[in-house]
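*Asks:* After the sequence you'll find the predicted model.
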Amino acid sequence: MTGFSRKARINGAKNDIATIDSLQFDLATIEAATSNFSINNKLRQGGFGEGTLANGLEIAVKRLSKGSVQGAKEFKNEAVLVAKLQHRNLVRLLGFCLEGEEKLLVYEFVPNKSLDYFLHDPVPEQKEKLDWSRRYKLIGGIARGIRYLHANSHFRIVHRDLKPRNILLDAMEPKISDFGVARIFEVDRTRGNTSRIVGTYGYMSPEYTMRGQFSVKSDVSSFGVLAIEIISGKRNNIFYQSGRAEDLLSYAWELWKEGKSLELIDPALRESYSEDEVVRCIQLGLLCVEQNPEDRPTMTSVLTMLTRHHLKLPLPQRPRFFIQTESDDHSHQSVNEVSISKQNPR
């Protein structure tokens, strides 16, 4: 669309500069807030550090890789775009810091730790805090957050690193965090390719892991893994069931095919769950990890199938997933480099 006046473009540029200035923190402020990035302030999830600004506001700071090839202007512009995202199921980006080799993202602080802490903690009492009602709400909340990224925000966003450590819990309300490896597309683009694979093995889609191809359906695949993990309480990337399956998704599919889906349930749930909801969520999770991206539902369809129980779900095929070998050292790889293109107005 054309027809913007020169004055409008100048005013728009001034507004962008003002927005960048309002979001930029100086390094001294962040160092003071985090006690100079003290290890005592390191948070469990994703390499974040906790801090408190002089005004008393608690923050979480993500220190990005110094090896990033991303330019300063690009980094600033992309931080501004991410800061515009506002949804109850997303952690809000408050600003950024760019000084010397330091590239920092400053997020709101979410005090109740990550889904990983509660779901995979060896202490049974932590897992028992996630009864089925809470787990079902977590699945729905995560789905709503991803749908916003894909369809309802100002940009078409592919997160690329959805995993339990990047789902923070605020009074047990899930919030998707860490947009350090996100890609944001123009409205007429739906997929991309890269030779630089970033994310976490066990949660990335097969086409991204093996061919560097990613799209919104890559996030759908990661959501499917999350759903199966929330139900089972087990990790996909270190799961092995002797004599049955070499990964959690194949194990879930085998049980579903045999009509034994309820055997997948986390023992911590005991009997406090709805059988219909559990079986439906397992089937939906398996649909999300279909090998062919085109066969996976959109997140809008996922939410429809979650909330309209009278709808009959399609039958899933056996999933194919990249399984980490003992020689891999990427079990928690999350290289933080973001590349974003602004979407054309709708």
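*Replies:* Alright, I've got the coordinates. Computed from a predicted model, the values in this text were never measured in an experiment.

*Asks:* ok, R308 to N89 distance?
*Replies:* Going from R308 to N89 by C-beta to C-beta, to the nearest Å gives 20 Å. C-betas here are computed from N, CA, C, even on glycine.

*Asks:* Check which residues of stretch 269-281 are buried.
*Replies:* With burial defined by 16 or more other C-beta atoms under 10 Å, the residues of stretch 269-281 counted as buried are L269, Y273, E277, V278, V279, R280, C281.

*Asks:* about what we covered before: between R308 and N89, which one's more packed in?
*Replies:* Ranked by neighbour count (other C-beta atoms under 10 Å), R308 and N89 place N89 first, with 21 against 8.

*Asks:* In contact with that one, which residues?
*Replies:* Listed by C-beta atoms under 8 Å, 6 or more residues apart in numbering, the contact partners of N89 are G141, I142, R144, G145, Y148, E173, P174, K175, I176.

*Asks:* That one - nearest residue in space that isn't next to it in sequence?
*Replies:* With sequence-adjacent residues excluded and distances taken as C-beta to C-beta, 6 or more residues apart in numbering, N89 is closest to G145, at 3.2 Å.

*Asks:* all strands of the stretch 201-346 of the chain, in order?
*Replies:* Remark: strands assigned in the stretch 201-346 of the chain by DSSP state E, counting those that start in this stretch are 213-215, 339-340.

*Asks:* Lowest average pLDDT across these?
*Replies:* Note on the strands of the stretch 201-346 of the chain: strand 339-340 shows the lowest mean pLDDT, a mean of 35.

*Asks:* isn't the residue nearest to N89 right up against K175?
*Replies:* Yes - with contacts counted by C-beta atoms under 8 Å, G145 reaches K175, the gap being 7.3 Å.

*Asks:* what's the overlap in contacts for these two?
*Replies:* Residues touching both G145 and K175 (C-beta under 8 Å, 6+ apart) are N89, L90.

*Asks:* picking up where we left off before, could the buried residues of stretch 269-281 go into JSON lines alongside pLDDT and distance to F96?
*Replies:* Output for the buried residues of stretch 269-281, formatted as JSON lines (pLDDT from 0 to 100; distance: C-beta to C-beta, whole Å):
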{"residue": "L269", "pLDDT": "89", "distance to F96": "41"}
{"residue": "Y273", "pLDDT": "88", "distance to F96": "42"}
{"residue": "E277", "pLDDT": "95", "distance to F96": "40"}
{"residue": "V278", "pLDDT": "96", "distance to F96": "41"}
{"residue": "V279", "pLDDT": "95", "distance to F96": "44"}
{"residue": "R280", "pLDDT": "96", "distance to F96": "41"}
{"residue": "C281", "pLDDT": "97", "distance to F96": "37"}
